[in-house]
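Fold the stuff below for me.
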Amino acid sequence: MAEPDHWRHMASAPKNGSRILVTIRPSEQGAAEVDLAYWSNGDQFGAEGWRAADSSPGRIIEYAEPELKCWMPMPTANLNRTSMPSPWEGDDDQELGGSGI
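Take a look at the predicted model:
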C-alpha cells in the first residue's frame, strides 16, 4: 500500500482477517479513539463482524458497522513514532482516500 498513514472508508477495509487500525466514532462513552481490529468470519465465540484485536475466547469485543468511521493499514515500524495516529475527526461526507465504492 502506497500511503500507510492515510485514513480510508470502511467500505474498502480488508475482510481477510488482517489487523488494521480503525477510528471508533465518538459516543456517550467517550471521544473518538483508535483501536486495532480485524474482520472475523464468525466462529463458536461470536458472529461475523469487526472485532478488537485484543479479543479472546469468552471476551469478544465486537464493533457494529456504524461504530467504525474509517480504517488505516498497520504502519511499518518507526522508532521515531511513539504513539498511535490520531482518530479521523473530519466530517463523514469528506473524502477519505476515495469514494469507498
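
Tell me where the chain has strands.
Counting by DSSP state E, the chain has strands at residues 8-9, 20-24, 33-40, 49-52, 62-63, 68-73.

Let me know whether P26 touches E67 as I believe.
No - with contacts counted by Cβ atoms under 8 Å, P26 stays clear of E67, the gap being 10.3 Å. In short, each C-beta sits where N, CA and C put it, glycine included.

Now do the end-to-end distance for stretch 13-33.
17 Å (Cα to Cα, to the nearest Å).

Could you check how far the residue nearest the centre of the chain is from I60?
Closest to where the C-alpha atoms of the chain average out (Cα atoms, centre = their mean) is V22, at 1.9 Å. Distance of V22 to I60, computed by Cβ to Cβ, to the nearest Å: 16 Å.

end-to-end on stretch 44-63?
17 Å.

So which bits of that stretch are buried?
For stretch 44-63, burial by neighbour count (16 or more other Cβ atoms under 10 Å) applies to G49, W50, R51, A52, S55, Y63.
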